[in-house]
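S.K.: Below are the sequence and a predicted model; questions follow.
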Amino acid sequence: MKIMDFLSKDAVTVNIKAADKDGVIKELVDLLMAAEGIDKKNKNKLIELLKSREALGSTAIGQGVGIPHAKSDCVASLVAAFGISKKGVDFDSLDGEPVYIFFLLLAPQDSAGPHLKALARISRLLKDKYFRESLKSAIDEKTVLKIIQQEDEKKI
């Protein structure tokens with residue numbers, strides 16, 4: 001599975017402005033909704049689903065990485081948004097460190113397989129320190145997409 005198979009090219013930002021967990025989730029949901037044409041009436045539902053998942057345990061996996069995710073009937077296929085916070089955000093990370101790199105993942109209600117494969121793929125790639133640092137230092141969205149595409153080509 002390649003990240004570019006589900007990452008929306010228009011749902012990428014290198015400038016997350018939010019300073020807290022809820023703000024980051026809202027910002028990435030807005031980005032994804034605009035990119036994917038998700039009905040605006042579903043915004044609060046998606047935010048609540050993501051916050052409920054966070055309440056079960058933080059999706060910040062350490063090393064400056066957060067992967068907020070949820071399943072919802074608001075999406076027809078697996079979709080993702082990506083964001084970089086230059087300042088870092090307290091996301092209740094497992095290692096207590098701020099989070100700089102965010103992948104927000106939404107999957108249809110009945111798609112356990114693709115959802116888990118996407119989470120595993122993202123987690124595996126982001127274990128690579130060089131990949132993380134490349135993403136963190138990207139100056140624009142085009143650079144982020146290029147870095148992810150190059151990584152997709154390497155590790156299948």
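M.R.: In hand now; what should we look at?

S.K.: which strand is the longest one in this protein?
M.R.: Ordering each strand of the chain by length in residues (DSSP state E) puts strand 79-89 first.

S.K.: Please identify the pairing partners of that one and their relative orientation?
M.R.: Strand pairing for strand 79-89, using DSSP bridges, gives strand 7-13 (parallel), strand 99-107 (antiparallel).

S.K.: Restricting to C-alpha, output it in CSV.
M.R.: What follows is strand 79-89, C-alpha atoms only, in CSV (Å, rounded to 0.1, in the frame of the first residue of the first chain):
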residue,chain,number,x,y,z
VAL,A,79,-8.5,9.3,2.9
ALA,A,80,-5.7,11.2,4.7
ALA,A,81,-4.5,14.7,5.4
PHE,A,82,-1.0,15.6,6.3
GLY,A,83,0.4,18.5,8.3
ILE,A,84,3.6,19.9,9.8
SER,A,85,3.6,22.1,12.9
LYS,A,86,6.8,24.1,13.0
LYS,A,87,6.4,24.9,16.8
GLY,A,88,5.2,21.4,17.8
VAL,A,89,2.0,20.6,19.7
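
S.K.: any idea how far that strand is from the chain center?
M.R.: 7 Å (Cα atoms, centre = their mean, to the nearest Å).

S.K.: Off-centre distance for stretch 64-72?
M.R.: How far stretch 64-72 lies from its chain's middle: 6 Å, per Cα atoms, centre = their mean.

S.K.: Now do the worst-scoring helix or strand of the chain on mean pLDDT against strand 79-89: the angle between them, please.
M.R.: When each helix and strand of the chain is scored by mean pLDDT, DSSP states H and E, helix 112-126 comes last, with a mean of 90. Going by axes from the mean of the first three to the mean of the last three Cα atoms, to 10 degrees, helix 112-126 is angled at 40 degrees with respect to strand 79-89.

S.K.: Can you give me the buried ones in the helix or strand just after helix 112-126?
M.R.: Toward the C-terminal end, the helix or strand that comes next after helix 112-126 (DSSP states H and E) is helix 129-136. Residues of helix 129-136 classed as buried by neighbour count (16 or more other Cβ atoms under 10 Å): Phe131, Arg132, Ser134, Leu135, Lys136. Placement of C-beta: from N, CA and C, glycine included.
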